[in-house]
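S.K.: Below are the sequence and a predicted model for it; my questions follow.
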Amino acid sequence: MLRWLGTVVIALLFALNLLLPLTPIGRRGTEAALRSDLPDAVVATGEPLPDFTLEDLDGAKVRLADFRGHPALITFERSVDW
Amino acid sequence: MRAYKWLCGTFGGLQLVAGFVLFASFFRFHAPGSEVAEIPTGPIGFYFVAFAGCALIGWGGALLAVARQPASGRAIGTTTSLALVLMAVYRMLGWLMGDYYVFAGELLRFEAGLFLALAAAFLWLRPNASGEFV
């Protein structure tokens, strides 16, 4: 019984593993295709970003508009270093 | 019986070697002036790497014991099969998340498929409840 049950589970997972690239979340498209999947990502390359405010490491508010006229690099990364 | 013996012996032996390598990497990492470039992690990561190494040594040793007496090794076949399925599941999830895909690519899905095939082999080659082989 366990043998057959286990075989069914394994077979289903095996099929899922093969089909992963065909699933919507597993489809790794071009940058343009990825951007088109995000409903709020309306800014095209070369256009100015809408203004937003974030907190820096000291908790102070930083507005994107404060950097207008200066080069600004925005990165998103995890801070945990294991 | 011969196939189960071969499977347990080969897989157990590989686990034992991998376990010792992972365990030793903890000491390599902490040796003054050395670095373990092939495992890109820090002190906390190596703590868990060493833990995984110790677990692999125990798991591999148990499989090698089964290779010597295959008829008594039904339970280790079942639990090894379950562990391999779990290893395949988190690799598939890792592929989907993208974080691991960046450095491991399609290797994740390949390993998941390999582990699922091994899980099926352990499940079918293990002896039945009366110690006989199918």
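M.R.: On my side now, so go ahead.
S.K.: all helices of chain A, in order?
M.R.: A:2-19, A:31-37 (DSSP state H).
S.K.: and residue 58, how many residues sit next to it?
M.R.: Answering for chain A, as no chain was given. 6 (other Cβ atoms under 10 Å in any protein chain shown). For the C-beta atoms, the positions are set from N, CA and C on the backbone; glycine is no exception.
S.K.: nope, chain B please
M.R.: 13.
S.K.: Contacts (any at all) between chain A and the helix or strand hosting it?
M.R.: B:Gly58 belongs to helix B:43-68 when assigned by DSSP states H and E. Yes - using Cβ under 8 Å from any Cβ of the partner chain, we find that helix B:43-68 touches chain A at B:Ile44, B:Gly45.
S.K.: if you average pLDDT over each of the helices of chain A, which comes out lowest?
M.R.: In terms of mean pLDDT, the lowest-scoring of the helices of chain A is helix A:31-37 (a mean of 53).
S.K.: need the helix or strand of chain B with the lowest average pLDDT.
M.R.: helix B:101-104 (a mean of 79; mean pLDDT, DSSP states H and E).
S.K.: elements contacting that one?
M.R.: helix B:74-97 (3 or more Cβ pairs under 8 Å, 6 or more residues apart in numbering or on different chains; DSSP states H and E).
S.K.: what's the angle between the helix it packs on and helix A:2-19?
M.R.: Per axes from the mean of the first three to the mean of the last three Cα atoms, to 10 degrees, the angle that helix B:74-97 makes with helix A:2-19 is 20 degrees.
S.K.: Buried by neighbour count: which residues of the top helix by length along chain B qualify?
M.R.: Longest helix of chain B, by residue count under DSSP H: helix B:2-30. Going by neighbour count (16 or more other Cβ atoms under 10 Å in any protein chain shown), the buried part of helix B:2-30 is B:4-5, B:7-9, B:11-12, B:15-16, B:18-19, B:22-23, B:25-26, B:29.
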